[in-house]
Every structure is written in C-alpha cells, then in structure tokens.
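>>> Please work out how this folds:
(one chain, ligands or ions: 1)
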Amino acid sequence: MSLKARIEAGIRQSGPLSVAQYMTACLHDPQDGYYATRPRLGALGDFITAPMVSQMFGELVGLWCAETWIRLGRPNEVAWVEVGPGDGTLIADALRAVRAAAPDFLAAARLWLVETSAPLRDVQRTRLQDAPAGARWIGALDELSSDAPMILIANEVLDCLPARQFVRTAQGWAERMVGLDEEGRLVFGLASRPLDRVMPDAAPGEVVEVSPAQEAFGAEIGVRVARQGGAALLIDYGRGTPGVGDTLQALRGHQKVPPLDDPGAADLTVHADFPAVLAAARAEGAATAPLATQRDWLLRLGVQARADALARARPDRADAIARQLDRLIGEDEMGELFKAACIHGAGLNPPGFDGEATDG
Ligand code: SAH
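You can find the predicted model right below:
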C-alpha cells in the first residue's frame with residue numbers, strides 16, 4: 001500500500017493528523033518517507049543547499065568551528081557534531097579547510113554525524129572515506145556519549161523538523177489538520193483546540209506555526225552547551241522575529257508542489273522558528289548570540305576575501321565564483337532569508353556574531 005493510502009486509512013480509523021504528524025509521516029515513514037527512502041539533494045534532485053552552491057560555505061563553517069575551539073581555550077578534546085549532513089558536502093569542505101588551516105583543532109576533534117536517513121548515511125560514508133579515524137554516525141543527538149565541549153553545526157535541519165499550524169478564526173484559535181474530503185482525498189481542515197501558549201497578534205484567517213520539535217532541538221543543544229561548554233551554529237531559512245504565515249512547502253525537482261499531493265515523494269519543510277529555538281535553549285541555561293543574516297555572517301567570516309582568492313587562482317572561473325557568492329549573500333537570494341544562529345556556553349564570544357570583523 002502506498003504511503004498516501006496508508007495515511008488515508010489511518011485518518012479513517014483514528015481521525016485527522018496535525019500538520020506536524022503529517023510532516024513526520026511524509027519525511028520519516030520507514031517504508032516510504034522522503035528521507036527514509038529517496039532523499040534527492042543537489043542540482044539533479046529536489047533541492048539545493050548552500051554547501052552545494054559553493055565550497056566557500058563549508059570551508060568557512062569549518063574555520064568557524066576551528067576559531068570557536070580557539071576561543072573555548074583549545075580544549076584537548078572536543079565533540080565536533082554535524083546534524084543532518086545531507087550528501088556530506090559541507091563537512092567534506094570543512095574538513096579540507098581545517099586540515100590546511102587548523103590541524104590542532106582537527107587533532108582535538110572527535111567527529112559525530114547525526115543522521116536519521118539510511119540512504120544519506122551511505123552517501124556520507126562514501127564521501128567521507130578520508131574522515132578522521134573514529135568518525136561516528138548516530139541517529140539522534142541524545143546518542144552522543146561524550147562529555148567534552150561540543151561544537152555543533154546544522155545547516156537546513158531545523159526546516160525539516162515538523163511544525164503544527166494554528167489558524168486564527170472568528171471564534172478563536174483552531175488547529176490546521178490533514179483530514180479527508182467526501183471523496184476520501186486528503187484535505188486541510190480545522191479543529192478547535194485549547195492553546196497552552198501565548199500567540200502573536202493575528203488577523204482572522206492568519207496562520208501561526210509552532211514547532212515542538214524545533215524547540216526540543218534548541219533545548220537539547222542548550223542543555224549540552226550549558227553543561228559541557230561549546231557552541232552550536234544553526235543556519236536555515238526562517239523568521240527572526242515571532243510572526244504569522246503558512247510556510248509549509250513541498251519541493252520536488254526544484255518546483256513547489258502541493259504538500260498533500262504525493263506524500264513521501266517531495267521534501268517537506270517549514271521555516272525555522274529562530275526566536276522559539278533560541279528561547280528554548282536559554283531556558284536550559286545556555287547563552288544565545290544575536291541572530292545574523294547569512295549575508296552578514298558570511299561577510300564577517302571573510303567570504304569576500306575567500307571568493308577573491310578562488311577567482312585569482314582560477315581566472316577562467318571568476319564569473320562563476322561571483323555568481324556563487326551572489327547566490328549565498330545576495331539580498332534577493334539566500335542572503336537575507338537565511339539566518340545564522342548560535343547557542344553557546346557562558347563567556348564565549350562566537351565568531352561572526354558580534355557585528356565586528358573577526359580574523360576567522
Ligand atoms: N546539511 C545538509 C543537508 C540538509 S537536508 C546541507 O546543508 O546540504 C536535511 C538533512 O537533515 C538531511 O541529512 C536529513 O536526512 C537530515 N534530517 C532530517 N530530519 C532529521 C532529524 N530529525 N534528525 C537528524 N537529521 C535529520
């Protein structure tokens with residue numbers, strides 16, 4: 001039975017699903033979920049991410065990790081964690097950069113890759129054949145069995161952690177649910193719900209998203225860095241202030257498709273809710289840096305100098321490199337919508353977030 005048929009049968013039996021439950025089924029159903037069975041990243045796949053746009057992205061993330069380790073006081077051992085490594089491009093570029101520029105950091109780092117998707121783990125293992133000895137794959141952050149300070153990176157991971165959606169109606173708030181129409185097809189509907197939190201101001205018809213999974217991720221990181229020390233860099237598209245709006249989106253072959261059409265066949269995302277993620281981390285005793293746009297963060301880390309150096313080395317590719325840079329930092333491209341957040345232990349001044357030039 002297809003995932004769609006199984007979801008429909010489940011709703012007939014047990015009632016409508018929240019948008020978060022629907023997302024989880026579409027992404028992680030063991031037989032047919034998108035990430036569980038057919039994640040297609042890259043130019044020929046369904047979506048492209050910053051590390052696939054240019055090697056500069058992963059290199060600067062790697063140098064950020066090394067500089068963070070220096071600012072932590074060069075601990076002898078550090079848990080270097082990437083959550084959701086995708087096809088491994090980001091960590092491969094980061095490893096290359098730190099091998100050349102920061103071998104002491106690499107010697108202290110124990111690499112942990114957190115990946116739920118079995119097919120992506122295989123892609124990562126192939127790509128990372130020269131990974132430092134002892135690199136380990138785990139399925140969730142709570143399997144990280146290290147008490148060393150942690151340096152964690154996660155690019156475009158928050159957006160695949162599911163959200164619930166609430167709609168302001170004339171009668172109050174209702175939850176947006178996935179149910180069945182009279183012909184038995186998947187449709188969105190509403191269910192009235194008591195709310196356990198304060199909602200932002202919204203006009204009738206407006207949608208507010210709440211992601212317990214994103215908040216739990218922020219809290220889990222907060223607990224770790226408050227206890228073990230360290231820092232986590234989360235980069236994603238999303239909102240920088242609490243706000244309204246339906247951001248549920250299905251992408252297939254780089255095109256937006258209706259999210260209910262073909263469960264499991266498309267990548268399904270929502271915007272990262274940075275204010276909620278950071279608040280959840282602070283509630284666990286961690287510190288958080290002011291949010292930066294991807295543009296500002298990359299510029300502070302020296303992306304312009306890196307682009308210039310690459311173009312000098314390959315004058316034949318100068319135009320392509322300039323286009324890649326614009327894609328990463330352009331205000332109408334990834335520069336403004338994408339944001340960098342940092343959750344860190346007390347007393348650390350993480351590079352790229354202070355508004356001042358850093359030497360990273
Ligand atoms: N970071 C990569 C890939 C982003 S795609 C890049 O920038 O190119 C999202 C990644 O998160 C995939 O590797 C996916 O399998 C992983 N992922 C999805 N849900 C996850 C979860 N709940 N826990 C950990 N990883 C998850």
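>>> could you pull out the helices for the chain?
Using DSSP state H, the helices of the chain run over 3-14, 19-28, 34-37, 50-53, 55-71, 89-101, 103-108, 118-127, 212-228, 274-283, 294-300, 303-313, 318-329.
>>> can you list these in CSV and add mean pLDDT?
Listed next are the helices of the chain as CSV, based on pLDDT from 0 to 100:
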stretch, mean pLDDT
helix 3-14, 97
helix 19-28, 98
helix 34-37, 96
helix 50-53, 98
helix 55-71, 98
helix 89-101, 97
helix 103-108, 97
helix 118-127, 95
helix 212-228, 98
helix 274-283, 98
helix 294-300, 98
helix 303-313, 97
helix 318-329, 97
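>>> and of those, who's closest to Phe338?
Minimum separation from Phe338 across these (Cβ to Cβ) falls at helix 294-300, 3.7 Å. All C-beta atoms are positioned from the backbone trio N, CA, C, and that covers glycine.
>>> Just send the helices of the chain back as TSV, with mean neighbour count and distance to Asn155 too.
Converted to TSV, the helices of the chain look like this (neighbours: other Cβ atoms under 10 Å; distance: least, Cβ to Cβ, whole Å):
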stretch	mean neighbour count	distance to Asn155
helix 3-14	15	27
helix 19-28	22	17
helix 34-37	20	15
helix 50-53	22	6
helix 55-71	24	7
helix 89-101	20	6
helix 103-108	16	19
helix 118-127	16	14
helix 212-228	21	14
helix 274-283	21	14
helix 294-300	22	10
helix 303-313	15	15
helix 318-329	17	12
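>>> From Gln55, how far off is Ala108?
Relative to Gln55, Ala108 is positioned 24 Å away (Cβ to Cβ, to the nearest Å).
>>> sorry, that was for Ile343
26 Å.
>>> Mind putting the helices of the chain into a markdown table with distance to the ligand?
Compiled in a markdown table, the helices of the chain are given as follows (distance: least, Cβ to the nearest ligand atom, whole Å):
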| stretch | distance to the ligand |
| --- | --- |
| helix 3-14 | 17 |
| helix 19-28 | 6 |
| helix 34-37 | 4 |
| helix 50-53 | 5 |
| helix 55-71 | 8 |
| helix 89-101 | 5 |
| helix 103-108 | 20 |
| helix 118-127 | 5 |
| helix 212-228 | 7 |
| helix 274-283 | 14 |
| helix 294-300 | 12 |
| helix 303-313 | 16 |
| helix 318-329 | 12 |
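>>> Quick check: closest non-adjacent residue to the residue most central in space within the chain.
For the chain, the residue nearest the mean C-alpha position is Val157 (2.2 Å; Cα atoms, centre = their mean). Leaving aside its sequence neighbours, Val157 sits nearest to Gly84 (Cβ to Cβ, 6 or more residues apart in numbering; 3.8 Å).
>>> Run through the bridge partners of the residue nearest to Leu195 when sequence neighbours are not counted.
Residue nearest to Leu195 in three dimensions, not counting chain neighbours: Trp173, with 5.4 Å by Cβ to Cβ, 6+ apart. Under DSSP bridges, the beta-bridge partners of Trp173 are Arg168.
>>> Tell me how many other residues surround Trp173.
Trp173 has 16 neighbours, counted by other Cβ atoms under 10 Å.
>>> Is it correct that it is in contact with Gln165?
No - between Trp173 and Gln165 there is no contact under Cβ atoms under 8 Å: 10.6 Å.
>>> what residues do those two have in common as contacts?
Val208 (Cβ atoms under 8 Å, 6 or more residues apart in numbering).
>>> roughly how far is stretch 128-144 from the heart of the chain?
18 Å (Cα atoms, centre = their mean, to the nearest Å).
>>> Okay, buried residues for that stretch please.
By 16 or more other Cβ atoms under 10 Å, the buried positions in stretch 128-144 come out as Leu128, Ala131, Ala135, Arg136, Trp137, Ile138, Leu141, Leu144.
>>> what do you get for stretch 39-54?
For stretch 39-54, by 16+ other Cβ under 10 Å, it's Pro39, Leu41, Gly45, Asp46, Phe47, Thr49, Ala50, Pro51, Met52, Val53, Ser54.
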